[in-house]
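In: Coordinates for the following, if possible.
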Amino acid sequence: MNKKLLSLFGLKWNPFSPDVPTDALLVAPRIESFCWRVENLAREGGFALITGAPGIGKSSALRLLVERLGALREIKIGVMARPHIGVADFYRELGDLFGVELSPHNRWAGAKLLRERWQSHIDAALVRPVLVADEAQDMSTAVLNEMRHLSSARLDSHMLLTTVLAGDTRLVDKFRSDDLLPLASRMRVKLNLDRATPDELEQCLRHCMTKAGANKLMTTELVATLCEHAAGNYRTLMTMANELLVTGAQREVKHLDEKLFFDSYTPTTSEPMTKSVVAPSKRR
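Out: Here you go, the predicted structure:
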């Protein structure tokens, strides 16, 4: 969204975009608790896990966690960009993230160099380096097991790494397999994100608008209507809100209201049923 359209509503940024500033994200109590526990986990190392359906807030939770850990100078953080890769590329990415030149054709030497680098970090900083992997349901069983073997030493009594995985229900199903039970049993800090209530969605929506500098961007009735039709999903909520913002900017309205919502989401008789048929909100 360009600056001219943002200025129309007095916005500092698009509050419904996925790339809002991290400090503008809402920190729910459960997220705060999870971040605190992972921060403490980094002292001893181990595995942490975030699970939940797509669009429920896993990636936002990871952003908040990385921001929080990044404020601690002594912690080295690596965020995997390609979780779906094979074992050879997994080593290449670890080498890039932690500043170790590796040969993917000699995994023994690669593992030795990585573990030495992580131990040096522990000796110097007294905390474990942190590896973060979003969309972990796309990681192969071979990569997940390689990660488990790499991250511990001394017969599994000494952790060299803190690993945070986030994935949807497919990751939970994958952890039930015999091959991954040893990894699943090592998850020490867990956060399962459930379907949000309308009140939680409203709190998030109002927080986003306030942080962006336009707490009256939407009418109270529209906020209630959006939260009732978002099916408990933050991504669905933000997608609908963003579409209304763009439409409102195109029409140059002063604020977003229920009329704009029903104009946008109620199909006409001549249109195919490509959008959800919605009923007027009962909340006033």
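
In: Would you agree Leu8 is in contact with Arg251?
Out: No - using CB atoms under 8 Å, Leu8 makes no contact with Arg251, being 10.3 Å away. Just so you know, the C-beta spots here come from the backbone N, C-alpha and C atoms, and that holds for glycine as well.

In: Those two - which one has more neighbours?
Out: Each of Leu8 and Arg251 has its neighbours counted (other CB atoms under 10 Å); Leu8 has more, 15 against 9.

In: and that one, what does it touch?
Out: Contacts for Leu8 (CB atoms under 8 Å, 6 or more residues apart in numbering) come out as 249, 252.

In: Measure how buried Arg43 is and give me the count.
Out: Neighbours of Arg43 (other CB under 10 Å): 12.

In: can you give me the helices for the stretch 151-284 of the chain?
Out: Taking DSSP state H, counting those that start in this stretch to define them, one finds helices in the stretch 151-284 of the chain at 169-175, 181-184, 198-211, 220-229, 234-251, 258-265.

In: residues making contact with the fifth one?
Out: Going back to what we said before, that points to helix 234-251. Residues lying outside helix 234-251 but in contact with it, judged by CB under 8 Å, 6+ apart, are 1, 5, 8-9, 14-18, 54-57, 60, 196, 201, 204-205, 208, 217-218, 222, 226-227, 229-230, 255-256, 260-261, 263-265.

In: Buried ones among those?
Out: Among those, the ones that count as buried by 16 or more other CB atoms under 10 Å are 1, 5, 9, 14-16, 55-57, 60, 196, 201, 204-205, 208, 217-218, 222, 226-227, 229-230, 256, 260-261, 264-265.

In: where are the low-confidence patches of this protein?
Out: The model of the chain has pLDDT under 70 over residues 1, 104, 267-284.

In: ok so, going back, now distance to Ser103 too, for the helices of the stretch 151-284 of the chain, in CSV please.
Out: Formatted as CSV, the helices of the stretch 151-284 of the chain follow (distance: least, CB to CB, whole Å):
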stretch, distance to Ser103
helix 169-175, 29
helix 181-184, 26
helix 198-211, 46
helix 220-229, 53
helix 234-251, 40
helix 258-265, 55
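
In: Can you give me every residue that contacts Thr219?
Out: Applying CB under 8 Å, 6+ apart to Thr219 gives the contacts 255-258.

In: what's the distance between it and Trp13?
Out: For Thr219, the distance to Trp13 equals 21 Å [CB to CB, to the nearest Å].

In: related to what we said a few turns ago, out of the contacts of Thr219, which one sits closest to Lys190?
Out: Leu256 (37.5 Å; CB to CB).

In: So what pairs up with the closest one in the strands?
Out: Met218 (DSSP bridges).

In: So it is in contact with Thr220, correct?
Out: No - look at Leu256 against Thr220 with CB under 8 Å: they stay out of range, at 11.4 Å.

In: mind listing what the residue sitting nearest the centre point of the chain touches?
Out: Nearest residue to the geometric centre of the chain (CA atoms, centre = their mean): Ser59, 0.5 Å. Ser59 is in contact with 134, 166, counting by CB under 8 Å, 6+ apart.

In: mind redoing it with 6 Å?
Out: With contact set as CB atoms under 6 Å, 6 or more residues apart in numbering, Ser59 has these partners: Asp134.

In: and the gap between it and Arg154?
Out: From Ser59 over to Arg154 the distance is 34 Å, taken as CB to CB.

In: same question, Asp19
Out: On the measure of CB to CB, Asp19 and Arg154 end up 42 Å apart.

In: now do Trp36
Out: Shown here: Trp36 relative to Arg154, a distance of 28 Å by CB to CB.

In: Have a look at those two and say which one is more surrounded.
Out: Neighbours were tallied for Trp36 and for Arg154 using other CB under 10 Å; the higher tally belongs to Trp36 (12 against 8).

In: so which strand or helix has the more buried one?
Out: Taking DSSP states H and E as the criterion, Trp36 maps to helix 29-44.
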